[in-house]
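S.K.: Task: produce atomic coordinates for the following.
(2 chains)
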2 protein chains.
Amino acid sequence: MRDLPLAKVYQLVEPGPVVLLTTAPNGPPNVMTMSWHMMVEFEPPLIACVVSNRNFSFAALRTSRECVIALPATRLAREVVQIGNCSGRDVAKFEKFRLTPLPAAHVAPPLIKECFANLECRVTNTRLVNTYNLFILEVLKAWIDPAQKHRRTIHHHGYGRFAVDGPMIKLASKMR
Amino acid sequence: MRDLPLAKVYQLVEPGPVVLLTTAPNGPPNVMTMSWHMMVEFEPPLIACVVSNRNFSFAALRTSRECVIALPATRLAREVVQIGNCSGRDVAKFEKFRLTPLPAAHVAPPLIKECFANLECRVTNTRLVNTYNLFILEVLKAWIDPAQKHRRTIHHHGYGRFAVDGPMIKLASKMR
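M.R.: The predicted structure is shown next:
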């Protein structure tokens, strides 16, 4: 994993990929699948996400206030769905899905070696947690794996249907 | 436009497409381009979005508390980018980009005929507007255009780069 400038984080999150979220609730790390997330600010990068209070990760995120958002490429799609199909209450998911935890620099939850990018996050605002399970995260450090060239992601359409990233087009945008 | 069940709205928003957002600030309607949005709840569908206070649409959204989120397919990609390149302060965008406003059922801002889906929204929570320009919207009614068969969307990667939806895959997910 190599350092990714924080200014580029939005380019990973804004397109709406299905991601993994790791937590480390006083013990072995856990991981869940997530696609309710969005950018809130470029720099420092802020990300909003919804983690249901029915998810095992909810308590870990609320109490530890730390997580890692990991970006899986399409080749991991089957594992990503299976990770979403079970709970950390019942399953040691890192072992079961042969994910390799790597130590993060600033937070306790691990990076995932098999993912092409990892974002170390701290919970920075909880005002909408009780109402909507909505957390605001600040990205403290971002990592990219230069060895992974295939970075197409998947996008959830419901009931097992996912759109894979297709061709990249270039248009005359003035947007960052 | 035909009625779309509210239970299906998340299938449009969750994949992270670039969308259009219409407002009607005491006069002709305006439209902006947006991709900082996410689902917050299935039913009634709640959507979080960030509309920068530098955008002309910000004041309209905050005061009128109404908008329409319209989903453009790939064939509109060039117009979508150009809509994002200019401001409603200077340009009558519906005319300039030959968009056809259609009356909504529950809100003043119009639907966009050329978009394959339209979501009539009311602002339901503003607690994070001052801090993050983050609005929580409730979708009151959703519309789908059955005549538009090509519903591939675009996903923003920054600086004019967009991923077009590629192939749809099916995986054994237990998720809704």
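S.K.: In chain A, what residue lies closest to chain B?
M.R.: Taking CB to the nearest CB as the measure, the point where chain A comes nearest chain B is A:Gly16, at 1.2 Å. (C-beta placed from N, C-alpha, C; glycine too.)
S.K.: ok, that residue - how many residues close by?
M.R.: Here the count is done by other CB atoms under 10 Å in any protein chain shown, and A:Gly16 has 28 residues near it.
S.K.: Tell me who's in contact with it.
M.R.: When contacts are counted by CB atoms under 8 Å, 6 or more residues apart in numbering or on different chains, A:Gly16 is found next to A:Ser35, A:His155, B:Glu14, B:Pro15, B:Gly16, B:Pro17, B:Ser35, B:His155.
S.K.: Could you work out the most separated pair of these?
M.R.: Spanning the widest gap among those are A:Ser35 and B:Ser35, at 14.2 Å by CB to CB.
S.K.: residues in contact with the residue nearest the centre of chain A?
M.R.: What sits nearest the mean C-alpha location of chain A, by CA atoms, centre = their mean, is A:Ile69, with 2.6 Å. Under the criterion of CB under 8 Å, 6+ apart, the contact partners of A:Ile69 comprise A:13, A:19-21, A:34, A:37, A:47, A:49, A:118-119, A:121, A:137, A:139.
S.K.: try 10 Å this time
M.R.: Taking CB atoms under 10 Å, 6 or more residues apart in numbering or on different chains as the definition of contact, the neighbours of A:Ile69 are A:9, A:12-13, A:19-22, A:34, A:37, A:47, A:49, A:109, A:111-112, A:115, A:117-121, A:137, A:139, A:142.
S.K.: among these, which are in reach of chain B?
M.R.: Filtering these for proximity to chain B by CB under 10 Å from any CB of the partner chain leaves A:Leu12, A:Val13, A:His37, A:Ile47, A:Cys49.
S.K.: Check which helix or strand the closest residue in space to the residue of chain A closest to chain B that isn't next to it in sequence maps to.
M.R.: Sequence neighbours aside, B:Gly16 is the residue nearest to A:Gly16 in space, at 1.2 Å (criterion: CB to CB, 6 or more residues apart in numbering or on different chains). When elements are assigned from DSSP states H and E, B:Gly16 belongs to no helix and no strand.
S.K.: What separation do you get for the closest residue to A:Glu66 other than its chain neighbours and A:Ser87?
M.R.: The spatially closest residue to A:Glu66, leaving aside those adjacent along the chain, is A:Val107, at 4.1 Å (CB to CB, 6+ apart). Summarising the geometry, the distance separating A:Val107 from A:Ser87, computed by CB to CB, to the nearest Å, is 22 Å.
S.K.: out of these two, which sits in the busier spot?
M.R.: In this view A:Val107 and A:Ser87 are compared by other CB under 10 Å, and A:Val107 has more residues nearby, 21 against 14.
S.K.: which residues sit in contact with the more buried one?
M.R.: For A:Val107, the contacting residues are A:22-24, A:64-68, A:120-122, A:140-141, by CB under 10 Å, 6+ apart.
S.K.: In helices, which of these appear?
M.R.: When the contacts of A:Val107 are checked against helices using DSSP state H, the ones located there are A:Ser64.
S.K.: Now, of the contacts of A:Val107, which are buried?
M.R.: A:Thr22, A:Thr23, A:Ala24, A:Ser64, A:Glu66, A:Cys67, A:Val68, A:Glu120, A:Cys121, A:Leu140, A:Lys141 (16 or more other CB atoms under 10 Å in any protein chain shown).
S.K.: I'd assumed A:Asn26 was in contact with the fourth one.
M.R.: Yes. Taking contact to mean CB atoms under 10 Å, the distance of 7.9 Å between A:Ser64 and A:Asn26 places them in contact.
S.K.: Quickly list what's touching both of these two.
M.R.: Common neighbours of A:Ser64 and A:Asn26 are listed as A:Ala108 (criterion: CB under 10 Å, 6+ apart).
S.K.: Setting aside sequence neighbours, what's the nearest residue to the residue nearest to the centre of chain A?
M.R.: Spatially, and ignoring its direct neighbours in sequence, A:Ile69 is nearest to A:Leu119 (4.3 Å; CB to CB, 6+ apart).
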